Each structure stands twice: as C-alpha cells, then as structure tokens.
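Participant: Here is a sequence together with a model predicted from it:
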Amino acid sequence: MIRPLFGPLFGPLIGPLIGMARIGLRFQLAYRSDVIMTVLTLIAQVFLLRMVWTSVYGAQQQAQGMTLPQLLAYLSLANLQAFATTPVIPYIALLRIRTGMVFFDLSRPTGYLPQLAAFQAGHTAGGLLLLAPAIPVVLLVGSITPTGQPLAYAGTLLLGYAISVQLSLLICLIGFWTLETSAIALLYRLTSQFFAGTLVPLSFFPGALGTLAEALPFKYLGYVPAAVYVGHLSGASVLHALAAEVAWVAGLTVLLWAVWQRAHRRVVINGG
C-alpha cells in the first residue's frame, strides 16, 4: 500500500541515491589493502593507548570518575567509531570540483548534498564490513564488555554520525568559493578527532579547554556515544545529550540550506 502511494513521488529520487550509496560502498571496498593497513594501525593504536593509560593510572582505582577498565573500553570504542564514521566526502568533492566533474553532480535531479550524503553512507557501510574482522581483537585488547544502555548508545551514535556528515558537507560547500579545501579538511579532521576525545576523554580536559570542548559539536562524534556505552554518562545526562544532538542536527540542516543557496550560484567549473 505504501509503495504504490509513495513510489511515484520518491522512486525517481530514491533509486539514484541508492546508486550513489553503492558507489560509495564499492569505493571503500576497492582499496582493501589500504583499509587493512588502517585496521592494523587501529589495533596498534588501541594497544598503545592501553599501555600508556595503564601506566598513567598506576595504582589509582579511578580518575575523573572513570575506572581504568572503563577508560580502556572508552578509548577503544572511540577509536573504532572514528575509523568507521570519519567522512571521506570532503576529499571526493574536492577532486570533482578540481576536475570539473561537479557539473554532472549539479545536473542530477537528486540534489548535490543528498548525493554526497548517500555516497558517505555507502562508504561507511563498506568500512564497517572491512572493520568486522578486527572488532574481536579490539574488543579483547580494549576490554570492551556489553553496555547497559544499548538504545541510548545507538541513538547518540547515529545522531553524532549525522552531525559529522553535516559538518563535512559544509566543508564540501566551501569548495564552491575556494576551489581548494584540502587544508581545511585536514584541519577539520585533526580538530574534530582531538575534541571528539579519541585520545583523551573530554572529562580530563582542563579549564578553558574543557569549556571549549563542551561548546563544540565534536564531542558528539566520539566522546558522548563512547561515554554512554561505558556508563560514564547515564540518566538525565543522556537525555540532555540526545536533545543537544537533535538541536545541532536541526541547526546544521538550516545552515546547510542557507549556505547552499549561495554556493550553487558561485559555481566555477574547472577542466571544461
């Protein structure tokens, strides 16, 4: 009943977006050797973080409200999340703007931003497939046990991923003005990973740095979901985090729309 009713309206748009997601999936799977090396690096990073933080804790039972097992599980999960959800679309958009291929993207009826979002979704799915063999190793090395808040974790993670994709789409749109976003994308990646708490939980950040980290949206990309998983955040704190994530998603949606209204009028096609 639903398909006959909505199919004629959304079918012409959903089909191409699914196609873009498939392209993103194949793009990820096409470079398996690179992903394998990245997975090995991820395992090594989790192991090194375990060694460093075990030494830092020493005989302490906990620090900043986190026990050592909680911290190790948090860091392992935060790095797993970063590997699986870090967007690739700023680099894809940069390449297509440089070569002039963005002309074809803009001429498609699905819209430029939905195309990029669909590509990223497929790319993420491919990353999860390639990550699957490494998950048992990371779970063991990182001392990750099942969470007591599965729904809260899933909700914060999905909303955090949406925020991550939206921020990356903003970087893609900057290319319509600058034609070059590689430096901005690199700066964004370093900044977002730091303030997402992949190396140090945000609860360990001192003074003004901690205040800044709390004000930025990057904490929802890593810290909040991982902290919910290990139980460092629970109850009212989780509800507050979910509400803040929804607000960020809504605000970034409006901002993307406003920037897009200006960006598509400033198209400069290189290479043709």
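Facilitator: That came through, no problem.

Participant: which residue ranges form the helices in this structure?
Facilitator: Secondary structure of the chain (DSSP state H): helices at 2-29, 32-57, 68-85, 89-99, 102-107, 112-131, 135-141, 150-178, 182-195, 207-215, 223-229, 236-263.

Participant: Would you mind finding the most buried of those?
Facilitator: helix 223-229 (a mean of 29; mean count of other C-beta atoms under 10 Å). The way it works is simple: take the backbone N, C-alpha and C, and place the C-beta from them, glycine included.

Participant: tell me the pLDDT at Gly15?
Facilitator: For Gly15, the pLDDT comes out at 72.

Participant: and if you look at Leu170?
Facilitator: At Leu170, pLDDT is 92.

Participant: Might you report the residue contacts of the residue nearest to Ala63 when sequence neighbours are not counted?
Facilitator: In space, not counting the residues next to it along the chain, Ala63 is nearest to Tyr57; the distance is 6.6 Å by C-beta to C-beta, 6 or more residues apart in numbering. Listed by C-beta atoms under 8 Å, 6 or more residues apart in numbering, the contact set of Tyr57 reads 63, 68, 71.

Participant: will you turn the residues you listed into CSV that also has pLDDT and distance to Val246?
Facilitator: Shown next, in CSV, are these (pLDDT from 0 to 100; distance: C-beta to C-beta, whole Å):
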residue, pLDDT, distance to Val246
Ala63, 78, 31
Leu68, 85, 33
Leu71, 87, 28
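
Participant: Can you add distance to Leu252 and give those residues back as JSON lines?
Facilitator: Converted to JSON lines, the contacts of Tyr57 look like this (distance: C-beta to C-beta, whole Å):
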{"residue": "Ala63", "distance to Leu252": "33"}
{"residue": "Leu68", "distance to Leu252": "36"}
{"residue": "Leu71", "distance to Leu252": "30"}
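
Participant: circling back: using JSON lines, lay out the helices of the chain together with distance to Pro201.
Facilitator: Converted to JSON lines, the helices of the chain look like this (distance: least, C-beta to C-beta, whole Å):
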{"stretch": "helix 2-29", "distance to Pro201": "29"}
{"stretch": "helix 32-57", "distance to Pro201": "10"}
{"stretch": "helix 68-85", "distance to Pro201": "6"}
{"stretch": "helix 89-99", "distance to Pro201": "26"}
{"stretch": "helix 102-107", "distance to Pro201": "39"}
{"stretch": "helix 112-131", "distance to Pro201": "22"}
{"stretch": "helix 135-141", "distance to Pro201": "18"}
{"stretch": "helix 150-178", "distance to Pro201": "15"}
{"stretch": "helix 182-195", "distance to Pro201": "11"}
{"stretch": "helix 207-215", "distance to Pro201": "10"}
{"stretch": "helix 223-229", "distance to Pro201": "6"}
{"stretch": "helix 236-263", "distance to Pro201": "14"}
